[in-house]
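1. Here's a sequence, model it:
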Amino acid sequence: MKKRIATVMVINMLSMAVLPAAVFGASVPVATATTTNTDTTAETTAATTAATAKVPSPDSVKLNVKAAVLLEPTTGEVLLSVNADEALAPASMTKMMTEYIVAEKVKQGELSWDTEVTVKKNAASSEGSRIFLAEGDTHTVEELYIAMAVGSANDATVALAEHVAGSEQEFVKLMNEEAKRMGLTKTHFINSTGLDRADMPEEFRPAEDQEITMSAMDAAILAKYIITDHPDFAKYTAIPSLKFRETDQEPMVNWNWMLESNKDITNFKQFAYEGLDGLKTGHTARAGNNFTGTAERDGMRLISVVMGADSQSSRFTETKKVLDYGFDNFEVKQVVAAKSVVPGAETAPVLKGKEKEAPVVTEQAVNFLVPKGTENPTPTFETSFEGEGLTAPVEAGAKAGTITYTYKIEGMASEQVQTVNLVTSGPVEKAGWFSLMFRAIGDFFGDMFDSIKNLF
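-> Below you'll find the model as predicted:
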């Protein structure tokens with residue numbers, strides 16, 4: 001493949017943000033440029049200084065908890081971290097994994113929200129928070145799921161686990177498999193509820209003498225999977241209260257006092273938080289008071305985790321500090337519009353086409369988390385094209401390569417990285433055999449003359 005001359009440039013984010021995404025082939029504004037020779041990639045050099053707003057250190061957020069995390073899920077950026085990787089007792093935050101697996105079974109068609117579940121002995125024997133299910137009772141998956149998400153009902157949780165896997169311990173195997181797949185390195189489950197081992201019905205305790213563990217970072221990652229794979233999660237987690245049975249004297253009240261819908265509820269309005277719609281509380285004597293929360297404002301969603309707070313109310317006041325730090329200091333901005341032309345990577349090689357190159361554009365928009373008030377963030381990018389090139393005929397929208405953008409917030413340890421496809425913005429027809437023959441002859445003599453020149 002002939003070497004490709006690529007001009008690489010630093011992107012002016014503000015100019016990019018106003019590009020109309022629907023315009024095919026909209027050019028990306030640039031600040032400065034350098035050039036480099038490369039076979040398949042083009043890499044930027046940061047040649048400008050961004051006007052970046054100063055962000056207070058996360059150390060300025062004074063917390064009275066054992067561990068805490070603040071995560072922006074679309075970029076994976078960790079904005080605040082306190083003992084984030086310490087394995088602790090999650091209590092009922094464990095139920096987030098049960099919720100994820102059940103919702104995933106429904107999503108994959110292996111289970112229906114209307115499926116009838118018969119309560120077994122283990123579920124009916126559950127202690128702690130519960131809705132007092134009796135052995136032999138029948139309820140739908142959705143009814144039990146709501147009881148788990150809203151009332152943190154241990155009996156409903158076990159009933160779902162047993163229905164999905166046959167027994168709670170078989171379900172626990174699924175939980176630990178999912179934890180491994182998600183990269184939850186400090187997590188180990190022994191039941192579906194989060195109860196301490198001693199609080200499980202004796203005949204249903206696992207043989208292993210081990211407790212449930214989870215780190216604040218693992219809880220945040222698990223929450224990220226929930227809101228990413230099941231964006232309708234708030235249909236259940238944001239229910240403030242609900243009667244499980246029509247005959248119940250009192251409704252289940254959501255243990256999450258921070259729900260925005262509580263803003264007019266006398267007992268909870270001091271905790272209600274704008275945009276908050278989930279996710280899961282947890283409490284045992286061993287764990288203390290835990291809460292994984294998530295809220296969305298102005299198009300940006302954040303996930304917060306606090307573990308080991310002193311009281312039920314303090315887990316919410318501490319969460320407010322964590323979320324306020326994120327919403328007060330950061331925002332998500334578009335770096336590159338969809339269907340944008342990338343300077344230095346405007347075309348991709350095409351074999352056997354009427355044209356030797358095809359114009360390419362970004363397939364999707366690229367967003368990064370930036371400090372509020374940042375005027376000219378300077379992400380870098382690197383392009384990579386497919387092998388020797390596309391082979392004609394080529395349709396519009398064909399993948400020609402990829403482009404990876406990288407952006408780092410000053411003072412943050414990690415980098416944000418996002419890769420999108422480069423796709424053709426128009427078709428390229430296959431050249432006729434006569435044109436291809438003369439092109440091959442021309443290439444042959446061109447290569448021969450180049451070889452002769454190299455002899456001298």
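2. hang on, isn't Tyr407 packed against Ser414?
-> No. Counting by CB atoms under 8 Å, Ser414 is not a contact partner of Tyr407; they are 10.5 Å apart. Where C-beta positions appear, they are placed from N, C-alpha and C, glycine not excepted.
3. Pick out whichever of the two has more residues nearby.
-> Using other CB atoms under 10 Å, the more surrounded residue of Tyr407 and Ser414 is Tyr407, with 24 against 11.
4. what residues are up against that one?
-> Tyr407 makes contacts with 335, 368, 370, 377-380, 415-416, as judged by CB atoms under 8 Å, 6 or more residues apart in numbering.
5. repeat that with 6 Å
-> Contact analysis of Tyr407 by CB atoms under 6 Å, 6 or more residues apart in numbering lists 368, 379, 416.
6. okay, the residues you listed in CSV with neighbour count next?
-> CSV is the format used below for the contacts of Tyr407 (neighbours: other CB atoms under 10 Å):
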residue, neighbour count
Phe368, 26
Pro379, 25
Gln416, 22
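7. List just the nearest of the residues you listed to Pro427.
-> Taking CB to CB as the measure, Pro379 is the one of the contacts of Tyr407 closest to Pro427, at 30.7 Å.
8. how near is the nearest residue to that closest one once chain neighbours are set aside to Glu375?
-> Leaving aside its chain neighbours, Pro379 sits nearest to Tyr407 (3.9 Å; criterion: CB to CB, 6 or more residues apart in numbering). Separation of Tyr407 from Glu375 (CB to CB, to the nearest Å): 14 Å.
9. Does the residue nearest to Val61 when sequence neighbours are not counted lie in a helix or a strand, and which?
-> With CB to CB, 6+ apart as the criterion, Val61 has its nearest non-adjacent residue at 4.9 Å, and that residue is Tyr325. According to DSSP states H and E, Tyr325 maps onto helix 312-329.
10. Kindly export that helix (C-alpha atoms) in PDB.
-> Coordinates of each C-alpha in helix 312-329 appear next as PDB, following Å, rounded to 0.1, in the frame of the first residue of the first chain:
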ATOM      1  CA  GLN A 312     -30.100   6.300  57.100                       C
ATOM      2  CA  SER A 313     -30.400  10.000  56.600                       C
ATOM      3  CA  SER A 314     -26.600  10.700  56.400                       C
ATOM      4  CA  ARG A 315     -26.200   8.300  53.500                       C
ATOM      5  CA  PHE A 316     -28.400  10.800  51.600                       C
ATOM      6  CA  THR A 317     -26.800  14.000  52.800                       C
ATOM      7  CA  GLU A 318     -23.400  12.500  51.900                       C
ATOM      8  CA  THR A 319     -24.700  11.500  48.500                       C
ATOM      9  CA  LYS A 320     -25.900  15.100  47.900                       C
ATOM     10  CA  LYS A 321     -22.400  16.400  48.500                       C
ATOM     11  CA  VAL A 322     -21.000  13.900  46.000                       C
ATOM     12  CA  LEU A 323     -23.600  14.600  43.300                       C
ATOM     13  CA  ASP A 324     -23.400  18.400  43.900                       C
ATOM     14  CA  TYR A 325     -19.600  18.200  43.200                       C
ATOM     15  CA  GLY A 326     -20.300  16.600  39.900                       C
ATOM     16  CA  PHE A 327     -23.200  18.700  38.700                       C
ATOM     17  CA  ASP A 328     -21.600  22.000  39.900                       C
ATOM     18  CA  ASN A 329     -18.300  21.500  38.100                       C
END
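11. what packs against the helix or strand following that helix?
-> Next along the chain after helix 312-329, taking DSSP H and E as the criterion, comes strand 330-336. Judged by 3 or more CB pairs under 6 Å, 6 or more residues apart in numbering; DSSP states H and E, strand 330-336 is in contact with helix 13-17, strand 366-371.
12. avg pLDDT for the following helix or strand past strand 330-336?
-> Going down the chain from strand 330-336, the next helix or strand is strand 340-341, by DSSP H and E. The average pLDDT for strand 340-341 rounds to 88.
13. check contacts around the closest residue in space to Thr284 that isn't next to it in sequence.
-> Excluding its sequence neighbours, the residue lying closest to Thr284 (CB to CB, 6+ apart) is Ala91, at 4.5 Å. Residues near Ala91 by CB under 6 Å, 6+ apart: 194, 282-284, 287, 290.
14. Pull out the buried positions in the helix holding Tyr325.
-> 314-323, 325-327, 329 (16 or more other CB atoms under 10 Å).
15. How about stretch 397-416?
-> Neighbour-count burial for stretch 397-416 [16+ other CB under 10 Å]: 398, 400-409, 416.
16. what's the farthest-apart pair in those residues?
-> Maximum distance among the buried residues of stretch 397-416 (CB to CB): 34.9 Å, for Ala398 and Ile409.
17. show me where the stretch 51-200 of the chain has strands.
-> 67-72, 77-82, 116-118, 138-140 (DSSP state E, counting those that start in this stretch).
18. which of these is buried the deepest?
-> With neighbours taken as mean count of other CB atoms under 10 Å, these reach their highest mean count in strand 67-72, at a mean of 25.
19. circling back to that earlier point, looking at the buried residues of stretch 397-416, which one is closest to Glu170?
-> Set against Glu170, the nearest of the buried residues of stretch 397-416 by CB to CB is Gln416 (39.0 Å).
20. residue ranges of the strands in the stretch 251-400 of the chain, please?
-> Going by DSSP E, counting those that start in this stretch, the stretch 251-400 of the chain shows strands at 252-253, 276-284, 288-297, 300-309, 330-336, 340-341, 347-351, 357-362, 366-371, 380-385, 390-391, 399-407.
21. Quick check: which of the ones you listed is nearest to Lys62?
-> strand 300-309 (12.8 Å).
22. and stretch 191-206, average pLDDT?
-> Stretch 191-206 shows a mean pLDDT of 94.
23. what sits up against that stretch?
-> Outside stretch 191-206, the residues that touch it by CB under 6 Å, 6+ apart are 90-92, 94, 98, 122, 125, 127-128, 154, 157-158, 161, 168-169, 171, 190, 211, 282, 284, 286.
24. Can you give me the buried ones in that stretch?
-> Applying 16+ other CB under 10 Å to stretch 191-206 flags 191-196, 199-201, 204-205 as buried.
25. of these, closest to Asp85?
-> Nearest to Asp85 among those: Gly194, at 19.5 Å, using CB to CB.
26. No further questions, thank you.
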